[in-house]
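Asks: Model the structure of this input:
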Amino acid sequence: MKAILQRVTASSVSIDGNVIGEIGRGLNVLLGIGQDDDESMVPKFTEKIVNLRIFQDEEGKMNRSLLDIKGEVLLISQFTLYGDCKKGRRPSFIKAADPEKGRVLYQKVIDAIQSYGIIITTGEFGGYMDVAIQNDGPTTIILDSNEI
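Replies: Numbering: from 1, shown residues only. A predicted model of the protein is given here:
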């Protein structure tokens, strides 16, 4: 699994001009599921997301987690995180999970984040979406399940 975590003051997702999800302070998470990913990775991956100390404390230091600030999550499926651009000019997505597997693991991640008591909103899996992100900082962290 790969994720891009963006610390936000607000974020929303729309389809055909209609907002289908929005959050206030928290994380906009773009999540890619790879063909080699499985359910066993979900607990450790989500634990890292909710406990990563990337929010500022009263001294301006990154000392607070999503849990500490009672932040929200907007989770967007993003298979293009597995785009391979080594050859030619068109990315190859063969390392991304097939849609059926991706949908199952995406839902497992949603459930795992919710189990921490975090408010989570999502986009539409596989849908064409417009995502509005009000970056805070900006602070952007890249997570890879193979590196945690």
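Asks: and the residue in the chain sticking out farthest from the centre, which of the three is it?
Replies: Distance to the chain centre peaks in the chain at Gly88, reaching 28.1 Å (criterion: C-alpha atoms, centre = their mean). Look at Gly88: counting by DSSP: H, G, I helix; E, B strand; the rest coil, its state is coil.
Asks: how about Thr46, phi and psi?
Replies: phi -70, psi -30 (degrees, to the nearest 10).
Asks: Tell me the confidence at Val104?
Replies: What the model reports as pLDDT for Val104 is 98.
Asks: Near Leu5, how many other residues are there?
Replies: 22 (other C-beta atoms under 10 Å). Just so you know, the C-beta spots here come from the backbone N, C-alpha and C atoms, and that holds for glycine as well.
Asks: For it, give the beta-bridge partners.
Replies: The bridge-partner assignment for Leu5, based on DSSP bridges, gives Val29, Ile141.
Asks: check contacts around it.
Replies: Each residue near Leu5 by C-beta atoms under 8 Å, 6 or more residues apart in numbering is listed here: Leu27, Asn28, Val29, Ile49, Leu52, Ile54, Thr140, Ile141, Ile142, Leu143.
Asks: let's see it at 10 Å
Replies: 26-31, 48-49, 52, 54, 66, 73, 139-143 (C-beta atoms under 10 Å, 6 or more residues apart in numbering).
Asks: Buried subset of the residues you listed, written for ChimeraX?
Replies: Here is the ChimeraX command that picks out the buried ones among the contacts of Leu5, judged by 16 or more other C-beta atoms under 10 Å:
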select :26,27,28,29,30,31,49,52,54,66,73,143
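Asks: does Ser40 sit in a helix, a strand or a coil?
Replies: From three-state DSSP, the assignment for Ser40 is helix.
Asks: Could you pull up the residues touching it?
Replies: Ser145.
Asks: In terms of pLDDT, where does it sit?
Replies: 97.
Asks: Just the strands from this structure, written as ranges.
Replies: Secondary structure of the chain (DSSP state E): strands located at 2-15, 18-23, 26-32, 55-56, 62-64, 72-77, 120-122, 130-144.
Asks: Thanks again, I'm all set now.
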